[in-house]
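S.K.: Sequence first, predicted model second:
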Amino acid sequence: MAVFRGFKAYRPACDKQSLIPALPYDVMNSEEARGMVEGNPYSFLHVDKAEIDLPLGTDIYDDAVYEKAKENLLNLENTGALVQDNTPCLYIYRQVMNGRAQIGIVGCASIDDYLNNIIKKHEHTLAKKEIDRIRHVDTCDANTGPIFLTYRKNDEISSIVDEWMNSHNSVYDFTADDVEQTVWVVDDADTVASLSALFDTVPAMYIADGHHRCASAVKVGQMRRESNPDYTGDEEFNFFLAVAFPDDQLEIMDYNRVVKDLNGMSEDEFLDRLSEKFVVARCDGRFKPEKKHTFGMLIQNQWYSLEAKNEIINELDPVARLDVSVLQDNVLAPILNITNPKNDERIDFIGGIRGLGELEKRATDDMQLAFAMYPTTVDDLMAIADAGLIMPPKSTWFEPKLLSGLFIHHLS
């Protein structure tokens, strides 16, 4: 069963609540981060992308970057911009985007639950990205960005969360990037214990987003165990920062594709090949899929709807039945010769937050073909993780993103 416990978070002083939190380090490059922090010395990007405080051209993997991150984090703590709670707490974190709310509990999950597959994964990780975050966590001695977890809804947990929000004042309430961010501190020891006990009845939690951060946090914990062979298991390095959301509150957005060319075919030849496996129809305007196994396709400023024929759908295989797999296995690989989408420069991926307008722009600017996808569902994600399988690349896009710098978990 899942371990989820309170901790003594470092978090922004109330007057810094809108100045410190920042988007995750991996959603922008160094140049963009420099622009985002202009005029704001408190932004957590000074910690998560510390190269912005070093000379231009500094290698982002240089030792100096990690040391600067540690220096900047300690500066925020030592000057009182970040303050620490006196007792272990859990935290309620609500985000509202476009009128839709998702409400999670912030706490610490166990590295053993990750190692024992109680915390389930659905993505492979890249060694280079892991090494970067290992060095960042180890040097800073802290988890600075939360892992986005989900679990099958538990009515008792939801009831306690609702009751706490209704009976206590929030400590933070601000808007960042058009998303309302509200936080409550659950500082009652009995309530913290009750919530932790209820999570102990949850059979599994699932990584929704943050596989690299999670794997890195776990490896740092294992490194600390090796350095402390008499560890008891209760030390903070045995746990990592996470936000756990009930599955019914999450929404996965579409993750769309754009392709450079038609692999040497004419448009008519390409449409003929598609019609072997899809019902293809011209559309008067944009086509956004509203059910599984349908796709919007844009070519030469003309939208088409594609509906997969029954014979190409394998509903018994949780990976093969994903729409991203249907497109890959029946269009991208056999027709367009894009066999390795992670590394092929002829394809790019557009998060659904950008809208169909971005597909139209890219299909005109630098690409020839665009596919609008129906989103992967949370049920799909859980089924694949439960089966011990891996999703294809770029299957899920979660919005809103969890902010970094709202909660910091020190390892010692």
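M.R.: Yep, it's here.

S.K.: The closest residue in space to residue 2 that isn't next to it in sequence: what's it in contact with?
M.R.: Of all residues not flanking residue 2 in the chain, residue 202 sits nearest, at 4.5 Å (CB to CB, 6 or more residues apart in numbering). No exception for glycine: its C-beta is placed from N, CA and C like everyone else's. By CB atoms under 8 Å, 6 or more residues apart in numbering, residue 202 lies in contact with 1-2, 4, 151-152, 154.

S.K.: Name the member of the residues you listed with the most neighbours.
M.R.: residue 4 (27 neighbours; other CB atoms under 10 Å).

S.K.: Might you report the residue contacts of that one?
M.R.: By CB under 8 Å, 6+ apart, residue 4 lies in contact with 105, 107-109, 195-196, 199, 202, 205, 242, 244.

S.K.: What of residue 76?
M.R.: By CB under 8 Å, 6+ apart, residue 76 lies in contact with 20, 42, 47, 82.

S.K.: doesn't residue 352 make contact with residue 358?
M.R.: No - look at residue 358 against residue 352 with CB atoms under 8 Å: they stay out of range, at 9.4 Å.

S.K.: who's more crowded, the two?
M.R.: residue 352 (19 against 16).

S.K.: Got the phi and psi for the more buried one?
M.R.: With angles defined as degrees, to the nearest 10, residue 352 sits at phi -60, psi -20.

S.K.: Break down the stretch 151-300 of the chain into its strands, ranges please.
M.R.: 172-176, 179-186, 205-209, 239-246, 252-253, 255-259, 278-282, 294-299 (DSSP state E, counting those that start in this stretch).

S.K.: Mean neighbour count and distance to residue 143 added to those strands, as JSON lines?
M.R.: Converted to JSON lines, these look like this (neighbours: other CB atoms under 10 Å; distance: least, CB to CB, whole Å):
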{"stretch": "strand 172-176", "mean neighbour count": "15", "distance to residue 143": "19"}
{"stretch": "strand 179-186", "mean neighbour count": "19", "distance to residue 143": "17"}
{"stretch": "strand 205-209", "mean neighbour count": "23", "distance to residue 143": "14"}
{"stretch": "strand 239-246", "mean neighbour count": "25", "distance to residue 143": "4"}
{"stretch": "strand 252-253", "mean neighbour count": "18", "distance to residue 143": "24"}
{"stretch": "strand 255-259", "mean neighbour count": "24", "distance to residue 143": "26"}
{"stretch": "strand 278-282", "mean neighbour count": "15", "distance to residue 143": "45"}
{"stretch": "strand 294-299", "mean neighbour count": "22", "distance to residue 143": "39"}
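
S.K.: Which one of those lies nearest to residue 372?
M.R.: With distances scored as CB to CB, the stretch of the strands of the stretch 151-300 of the chain nearest to residue 372 is strand 294-299 (3.3 Å).

S.K.: what secondary structure does the residue nearest to residue 294 when sequence neighbours are not counted sit in?
M.R.: Nearest residue to residue 294, sequence neighbours excluded (CB to CB, 6+ apart): residue 307, at 5.1 Å. Of the three states, residue 307 takes strand under DSSP: H, G, I helix; E, B strand; the rest coil.

S.K.: roughly how far apart are residue 307 and residue 297?
M.R.: Note on residue 307: its distance to residue 297, by CB to CB, to the nearest Å, is 11 Å.

S.K.: Going by contacts, tell me the helices and strands next to the top strand by length along the chain.
M.R.: Determined from DSSP state E, the single longest strand within the chain is strand 100-110. Packing contacts for strand 100-110, counted by 3 or more CB pairs under 8 Å, 6 or more residues apart in numbering; DSSP states H and E, involve strand 4-5, strand 90-97, helix 155-167, strand 239-246.

S.K.: ok, back up a step: out of the contacts of residue 202, which is nearest to residue 167?
M.R.: Of all the contacts of residue 202, residue 167 sits closest to residue 154, with 19.8 Å by CB to CB.
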